[in-house]
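Trainee: Got a sequence here, can you model it:
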Amino acid sequence: MNVPVSLQPYLNQLSQYNDYGTQQSILPTGDEDLFATLLQDKIANGQRVITSEEILAELDGSPDLDFSTGAFGRNADMSKTYASDEKATAIAPKEILEKIDRMARAIGVNSDLVREVVRAESNFDPTVVSHAGAKGLMQLMDQTAKAMHVRNVYNPDDNLAGGTKYLKSLLDRYDGNVKVALAAYNAGPGRVSRLGIDTDVELEAKYDQLPQETQRYVEKIMNRLQANGTTY
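Mentor: A predicted model of the protein is given here:
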């Protein structure tokens with residue numbers, strides 16, 4: 001891709017070092033052109049030059065983030081985001097289920113749906129961390145946790161509040177199409193949007209274009225919900 005000289009410094013920000021000490025782009029393959037176009041549009045419209053994190057958020061369709069506190073990348077100070085990263089002590093499954101029910105009702109999401117998302121994400125373990133860095137009951141990535149104002153991802157109440165709010169935002173975005181919201185929760189709304197999926201019917205027609213992990217994720221949750229008599 002030919003990148004104008006004026007844009008190259010910002011494209012360089014969107015790189016990271018791999019295990020061998022060489023730089024590699026952190027943009028998905030083929031998204032460099034989207035990055036350049038987005039940055040050019042911002043400049044042409046007289047807007048400020050946004051940070052690499054903001055550009056990635058727009059490309060991926062991530063929830064609106066609060067960048068007022070500055071960068072939160074590799075060298076960011078996360079103390080303003082998390083009051084404590086201490087992992088939660090052991091908590092009884094019954095208590096977690098009660099927390100899920102209360103949080104779902106307070107935010108306005110079906111409690112069965114939230115419960116099955118928690119089961120699929122963490123199997124009700126508030127201390128679990130994935131290889132990708134997702135944390136806690138609803139496996140929140142750091143950017144999502146920040147966007148949802150989660151102070152401690154290992155605190156069950158904080159994690160459930162953030163994850164349920166995020167799930168609610170996806171349900172609202174896709175007009176209550178549960179399968180699409182679940183696919184976006186797992187694979188990211190950016191990937192779902194790039195496939196032109198907005199409804200459950202469209203998702204089923206393009207199912208094989210989704211990652212196999214996402215296909216299994218949606219099927220597992222929907223099958224459990226149907227087995228429990230929950231219909232949408």
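Trainee: Can you tell me the SS state at residue 186?
Mentor: helix (DSSP: H, G, I helix; E, B strand; the rest coil).
Trainee: ok, it - contacts?
Mentor: With contact set as Cβ atoms under 8 Å, 6 or more residues apart in numbering, residue 186 has these partners: 213-214, 217-218. Just so you know, the C-beta spots here come from the backbone N, C-alpha and C atoms, and that holds for glycine as well.
Trainee: again, 10 Å this time
Mentor: The contact partners of residue 186, taken as Cβ atoms under 10 Å, 6 or more residues apart in numbering, are 117, 120-121, 139, 192, 210-211, 213-218, 221.
Trainee: before we move on, what about residue 134?
Mentor: 121-122, 128, 140-142, 144-145, 153.
Trainee: which one of the residues you listed has the most neighbours?
Mentor: When neighbours are counted by other Cβ atoms under 10 Å, residue 153 leads those with 29 neighbours.
Trainee: Isn't that one up against residue 130?
Mentor: No: with contact defined as Cβ atoms under 10 Å, residue 153 does not count as touching residue 130 (11.7 Å).
Trainee: and for the two, which residues touch both?
Mentor: Common neighbours of residue 153 and residue 130 (Cβ under 10 Å, 6+ apart) are 139, 141.
Trainee: hmm, back to that, kindly reformat the contacts of residue 186 as TSV and extend each row with secondary structure.
Mentor: Below are these laid out as TSV (three-state DSSP):
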residue	secondary structure
117	helix
120	helix
121	helix
139	coil
192	helix
210	coil
211	coil
213	helix
214	helix
215	helix
216	helix
217	helix
218	helix
221	helix
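Trainee: From those, list just the buried residues.
Mentor: By neighbour count, with 16 or more other Cβ atoms under 10 Å, those hold 117, 120-121, 139, 192, 210, 214-215, 217-218, 221 as buried.
Trainee: was I right about residue 204 contacting residue 222?
Mentor: No: assessed by Cβ under 10 Å, residue 204 is found out of contact with residue 222, at 11.1 Å.
Trainee: Of the two, which one has the most company?
Mentor: Taking other Cβ under 10 Å, residue 204 and residue 222 do not tie; residue 222 has more neighbours (18 against 12).
Trainee: Now do the helix or strand residue 225 falls within: everything it contacts.
Mentor: Using DSSP states H and E, residue 225 sits in helix 212-227. With Cβ under 10 Å, 6+ apart as the test, helix 212-227 has contacts from 110, 112-113, 115-117, 119-121, 178-188, 191-192, 200, 203-204, 207-211, 230-232.
Trainee: what do you get if the cut-off is 6 Å, keeping everything else the same?
Mentor: For helix 212-227, contacts defined as Cβ atoms under 6 Å, 6 or more residues apart in numbering pick out 112, 116, 120, 179, 182-183, 186-187.
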